[in-house]
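In: Predicted model, plus sequence, below.
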Amino acid sequence: MTKLDWPGGVIDDATSVTAIVKAAMAGTQDARLKEIVDALIEHGHAFLKQVRLTDAEFEQGLAFLRAVGQACNDRHNEVVLLADVLGFSTLVALLNNADASGRTPGALLGPFYRGGSPEYENHQCIACEGSPGAPLFVHARVLATSGQPVPNAMVDVWQASPVGLYENQDDSQPDRNLRGRFRTGVDGAFSFRSVRPAGYPVPTDGPVGALLAAQQRHPYRPAHLHFAIFAEGYATLVSQVFADDSDHLETDVVFGVNRRLIGRFEHHAAGTGPHGDQRDAYYTLDFDFILAEGTPTYPTPPIQ
Ligand code: BEZ
Ligand code: FE
């Protein structure tokens, strides 16, 4: 149908709106776009009818969305934060990146992923010189669902500091601190040194924070590390590993914790560590990531 073919329709009452709106869009050429917007209209209209949204509530909702957009800048993405606290991001991640194949489930990207992380050799440290916090030694393997190692995968890592701030939120950290890229070796392994991240509250100074307060929800995430793993012949895995002894594992404000993503952060007294002598107590994390076969994709960083 071309746009000239739509005969139009005059609306009698609330019951005729949905069909007329869908008919107006029937000429959408892109079949997937048509499927998505048709379902959005059907479910959106059903939602408006179910809650019988008042004029004042409609205005309030539109003002909320406007404020969400206005709260975004190059260093902060309130739209992603909204999708996260509503559970949308986790649902999409699991619909697309989890199945019975044995692969590691995906978890939301979050609003703090940045491109251009520094490249490191395995064993190097992603925390700047003199970073406070307990040392953390991560040793991980990237494997296929068959158990075979995946060599030469690119692994992007990012994490909050021991006070719970990403470097882009914290002027005391150098640019791209606690972010890095690694390559897996022939055995599929990669490793690095860092400092143990703390759990943290998501930003609450914008409209999403007001929503959380109205819902009497705490804003905390449990301590975690983010990983994005890219390898030829495999679907990209964007995921997180949570500290098993962290608070809020069961009440993550963005619903990211999956049982299979809880890693053992093992505490060790000072002594001989994985990278030599350790004057202070330290943690180790060993974790296997399992990739499904597929085509790599590259997420767009929500901030610069
Ligand atoms: C994060 O883990 O980086 C994150 C995810 C959702 C909201 C805020 C932060
Ligand atoms: Fe995070």
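Out: It's in. Ligands and ions are numbered 1, 2, ... in the order given.
In: for ligand 1, what are the nearby residues on the stretch 101-250 of the chain?
Out: Leu108, Gly110, Pro111, Phe112, Val202, Arg221 (Cβ under 6 Å from any ligand atom). The way it works is simple: take the backbone N, C-alpha and C, and place the C-beta from them, glycine included.
In: and the nearest residue to the fifth one once chain neighbours are set aside, what does it touch?
Out: By that I understand Val202. Spatial nearest neighbour of Val202, excluding adjacent residues (Cβ to Cβ, 6 or more residues apart in numbering): Pro219 at 5.1 Å. Listed by Cβ atoms under 8 Å, 6 or more residues apart in numbering, the contact partners of Pro219 are Pro201, Val202, Thr204, Gly209, Leu212, Val253.
In: repeat that with 6 Å
Out: Applying Cβ atoms under 6 Å, 6 or more residues apart in numbering to Pro219 gives the contacts Pro201, Val202, Thr204, Leu212, Val253.
In: Look up phi and psi at it.
Out: phi -100, psi 20 (degrees, to the nearest 10).
In: which helices and strands does the helix or strand in which Phe287 is found pack with?
Out: In the assignment (DSSP states H and E), Phe287 maps to strand 282-291. Contact here means 3 or more Cβ pairs under 6 Å, 6 or more residues apart in numbering; DSSP states H and E; on that basis strand 282-291 packs against strand 135-144, strand 265-268.
In: which other residues reach the shortest one?
Out: Residues outside strand 265-268 that contact it (Cβ under 6 Å, 6+ apart): Ala243, Tyr282, Tyr283, Thr284, Leu285.
In: Stretch 178-192 now?
Out: 117-120, 122-123, 126-127, 138-143, 149-151, 153, 155-159.
In: can you confirm Val157 is in a helix?
Out: No: assigned with DSSP: H, G, I helix; E, B strand; the rest coil, Val157 falls outside any helix and is strand.
In: and it, what pLDDT?
Out: Looking at Val157, its pLDDT is 98.
In: Quick check: chain neighbours aside, which residue is closest to it?
Out: With sequence-adjacent residues excluded and distances taken as Cβ to Cβ, 6+ apart, Val157 is closest to Gly180, at 5.3 Å.
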